[in-house]
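Chemist: when you get a sec, could you give me coordinates for this:
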Amino acid sequence: QVQLVESGGGLVQAGGSLRLSCAASGRTFTRMGWFRQAPGKEREFVAAIAWGGDSTNYGDPVKGRFTISRDNAKNTVYLQMNSLKLEDTAVYYCAANMRRSLPPSKLLSDYDYWGQGTQVTVSS
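Modeler: Prediction:
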C-alpha cells in the first residue's frame, strides 16, 4: 500500500524556520513535491524534486526561501522553509508521481499520490 506521511508542521513566528518531512512507503517515486492550500484558496505548487536530486522546481512565492531535498535511502523528501511569512500559512501536502519530466512538474494534476497534509501557521 502506497502512503505519503507528512510531519514537521507547526506554529512559527514570521521570519522563522521549519522543516517538513514526507516519508513514502510502498514504492519509490521518481518525482516528489510539495503543494499548499490556504483557507479559501486553491492548492498551489511549492516545490518538487527529481529522484536523483539534481533537478528541482520552485513556485515563485518561495524561491530563495525554501529548499527541497530528498534522501532516497529513507524514501523521504524534505522542505526546509526559511524566512517564513504570514502568507506561508497553509496546509502543506506532499505529492508524488512516476513521471520523468525535467524539471519536475508544477501541475497539481501530474501528481498521483498525496499525503494527508500538515498545518503550517506563521504568526506575527
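
Chemist: what comes up buried for stretch 18-29?
Modeler: Judged by neighbour count using 16 or more other Cβ atoms under 10 Å, the buried positions of stretch 18-29 are Leu18, Leu20, Ser21, Cys22, Ala23, Ala24, Phe29. Using the backbone N, CA and C atoms, a C-beta is placed for each residue, glycine as well.

Chemist: report pLDDT for the third one.
Modeler: According to the prediction, Ser21 has pLDDT 98.

Chemist: and for Lys41, the neighbour number?
Modeler: Counted with other Cβ atoms under 10 Å, residues neighbouring Lys41 total 9.

Chemist: after the helix or strand containing Cys22, which helix or strand is next?
Modeler: Here Cys22, judged by DSSP states H and E, is contained in strand 18-25. In the C-terminal direction, the helix or strand that comes right after strand 18-25 (DSSP H and E) is strand 31-37.

Chemist: how about the most centrally placed residue in the chain, what does it touch?
Modeler: To find the centre residue of the chain, average its C-alpha atoms and take the closest one (Cα atoms, centre = their mean): that gives Trp34, at 2.1 Å. By Cβ atoms under 8 Å, 6 or more residues apart in numbering, the residues touching Trp34 are Leu20, Cys22, Val46, Ala47, Ala48, Ile68, Val77, Leu79, Tyr92, Tyr93, Cys94, Ala95.

Chemist: from the residues you listed, which is closest to Ser101?
Modeler: Nearest to Ser101, judged by Cβ to Cβ, of those is Ala48 at 9.7 Å.

Chemist: ok, so what distance separates the residue nearest to the centre of the chain from Ser124?
Modeler: The gap separating Trp34 from Ser124 is 24 Å, by Cβ to Cβ, to the nearest Å.
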